[in-house]
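Peer 1: Mind folding the following:
(one chain, ligands or ions: 1)
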Amino acid sequence: MKSKKDAFNDNSISVPFVIPMITKEDKIAINNALNSVLLTDGPKLIEFEEMFSKYTNSSFAIGVSNATSALMLSLKSCGIGKGDEVIVPDLTFVATASAVIHCGATPILADVEEDTMNLDPLSVRRSLTKKTKAIIPVHFAGKICKIREIIKISKENDLKVIEDCAHALGSRIGKKHAGTFGDVGCFSFYPTKNFTTIEGGMIITNSKQISDYTKSTRNHGITKTLNNRFSSGKPWEYDIEESGFNFRLDEIRSALGLSQMKRLDKFNDLRKKASEYYTSQLSNVKGITTPMDSKNNENSFHLYIIRITKDFPISRDILFKKLLDKGIRTSVHYKPLNQFSLFKKMAKSYDKLKISNLLYDEILSLPMYPTIKKSEQNYVIDTIKNEIKKY
Ligand SMILES: Cc1ncc(COP(=O)(O)O)c(C=O)c1O
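Peer 2: Sure thing, here's the model as predicted:
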């Protein structure tokens, strides 16, 4: 395999883990936005928000600086604060739980299901206490979790549901998009995500109260947009009702988002094909478990995660190293939260986290990006299969 441009300038890499796709059109969109006089809090943001709310069929979309700030503002908009408990999956990126800590509340780590790797509704039930105020399900790797069961639990117990959709751009059940099942949905446009604004995020909701709260607190708590302030004649005449932050999404990132989002469904289709090809070639390999099949559009195929079980001749860690030696970048998503120093101190769990800890020893994310070539996938597949032949 020929070496490919690597994020860390390693010439030995032939199959990177992800490749961000910034096209000629994206560059034109960025340049046009750079030529504007208004560089933040402007028309491109409004256009991007409108496109996103239309795509996800939600009443409001609020652009923010990243998904972590989206989660923080969403929790605060739901009234989560000191003394409250918020249930999160143990197998997720740290931001899901650190957003809870930033609000003064305690993350409660719940276990995941072995087949979907998503938050287990039974573990959620075992994690409920009088202090529970919200649940943050993550649509892990892009696959929608058992969201209807989680909504049922929330209704029975008067809880808020904040969906972490960082992996789930375009994931839906039928026509209903990830992020529209609960009270609020939070998306990430980080460079590895299904489309990127480099840094960036979006909140979606059908609640005017959540929309108004997050719109003002992303911008210092100011109750008016720049446009409203200047068109009113007295730009300094605004009120502050809440202490806010600077979590704005600027015009350049919004313009990039508008341009990238046009290709989201096409990108996701290519991801789906690449995932299906991996599965067709790896599902019969002894010691490897491929991801569960997904129906309809319920999966954005953000990550392709296999399990290296004890029937495989070498461990996950050794396979990771062997693949890297052959120029293939893979990764592990994620080290479970309960194993981090911060969450040992600041989080709690009322359930055994058996599955997330078991999965952690076995999971391996294979290279996945819309433009991955069959020859690149075959190289990954053959390198894995060759390991069996050696034993
Ligand atoms: C599940 C999950 N939640 C939240 C985040 C945070 O996103 P951001 O980097 O946009 O703040 C990420 C980022 O990777 C993520 O994977």
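
Peer 1: Give me the distance from stretch 206-226 to the chain's centre.
Peer 2: 23 Å (CA atoms, centre = their mean, to the nearest Å).

Peer 1: and if you look at stretch 304-315?
Peer 2: 24 Å.

Peer 1: And for stretch 166-186?
Peer 2: So, by CA atoms, centre = their mean, the centroid of stretch 166-186 is 11 Å from its chain's centroid.

Peer 1: what does stretch 71-85 give?
Peer 2: 19 Å.

Peer 1: those helices in the stretch 201-350 of the chain, which residues are they?
Peer 2: 208-217, 226-231, 251-261, 264-282, 316-325, 341-346 (DSSP state H, counting those that start in this stretch).

Peer 1: now for the longest one, which elements pack on it?
Peer 2: Translated: helix 264-282. Where contact means 3 or more CB pairs under 8 Å, 6 or more residues apart in numbering; DSSP states H and E, helix 264-282 is packed against strand 304-308, helix 374-389. For the C-beta atoms, the positions are set from N, CA and C on the backbone; glycine is no exception.

Peer 1: ranking those by mean pLDDT, which is last?
Peer 2: Sorting these by mean pLDDT places helix 374-389 lowest, at a mean of 95.

Peer 1: hang on, the earlier thing: of the helices and strands packed on helix 264-282, which is nearest Lys272?
Peer 2: strand 304-308 (10.4 Å; CB to CB).

Peer 1: List of residues touching the closest one?
Peer 2: Contact with strand 304-308 is made by 117, 141, 274-275, 278, 282, 287-291, 314-316, 319, 333, 359, 362-366, 368, as judged by CB atoms under 8 Å, 6 or more residues apart in numbering.

Peer 1: Enumerate the residues of this structure near the ligand.
Peer 2: Within the chain, the positions near the ligand by CB under 6 Å from any ligand atom are 66-68, 92-93, 95-96, 138, 164, 166-167, 188, 190, 201.

Peer 1: could the helices and strands packed on helix 264-282 go into JSON lines alongside mean neighbour count?
Peer 2: Output for the helices and strands packed on helix 264-282, formatted as JSON lines (neighbours: other CB atoms under 10 Å):
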{"stretch": "strand 304-308", "mean neighbour count": "23"}
{"stretch": "helix 374-389", "mean neighbour count": "16"}
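
Peer 1: I'd like these as JSON lines, with distance to Lys44 appended.
Peer 2: Listed next are these as JSON lines, based on distance: least, CB to CB, whole Å:
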{"stretch": "strand 304-308", "distance to Lys44": "33"}
{"stretch": "helix 374-389", "distance to Lys44": "35"}
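
Peer 1: Could you list the domains of the chain?
Peer 2: 24-261, 264-389 (automatic domain parsing).

Peer 1: so how far does the first one reach from one end to the other?
Peer 2: This means domain 24-261. One end of domain 24-261 sits 14 Å from the other (CA to CA, to the nearest Å).

Peer 1: Apart from its chain neighbours, what residue comes closest to Leu337?
Peer 2: Of all residues not flanking Leu337 in the chain, Phe343 sits nearest, at 4.6 Å (CB to CB, 6 or more residues apart in numbering).

Peer 1: Tell me, how many residues neighbour that neighbour?
Peer 2: Residues contacting Phe343 under the criterion other CB atoms under 10 Å number 21.

Peer 1: And for Arg126?
Peer 2: The burial count for Arg126: 15, using other CB under 10 Å.

Peer 1: Ok, Lys266 next?
Peer 2: Count around Lys266 with other CB under 10 Å applied: 10.

Peer 1: pLDDT score for it?
Peer 2: Reported pLDDT for Lys266: 96.

Peer 1: for the closest residue to Ile314 other than its chain neighbours, what are its contacts?
Peer 2: Among residues not flanking Ile314 along the chain, Glu387 sits closest, at 5.9 Å (CB to CB, 6+ apart). Glu387 makes contacts with 312-314, 319, 322, as judged by CB under 8 Å, 6+ apart.

Peer 1: likewise His167?
Peer 2: 138-142, 193-194, 300, 302-303.

Peer 1: Could you pick out the buried ones from the residues you listed?
Peer 2: 138-142, 193-194, 300, 302-303 (16 or more other CB atoms under 10 Å).

Peer 1: related to what we said a few turns ago, for Ala7, which of the helices and strands packed on helix 264-282 is the nearest?
Peer 2: Per CB to CB, nearest to Ala7 of the helices and strands packed on helix 264-282: helix 374-389, 15.8 Å.
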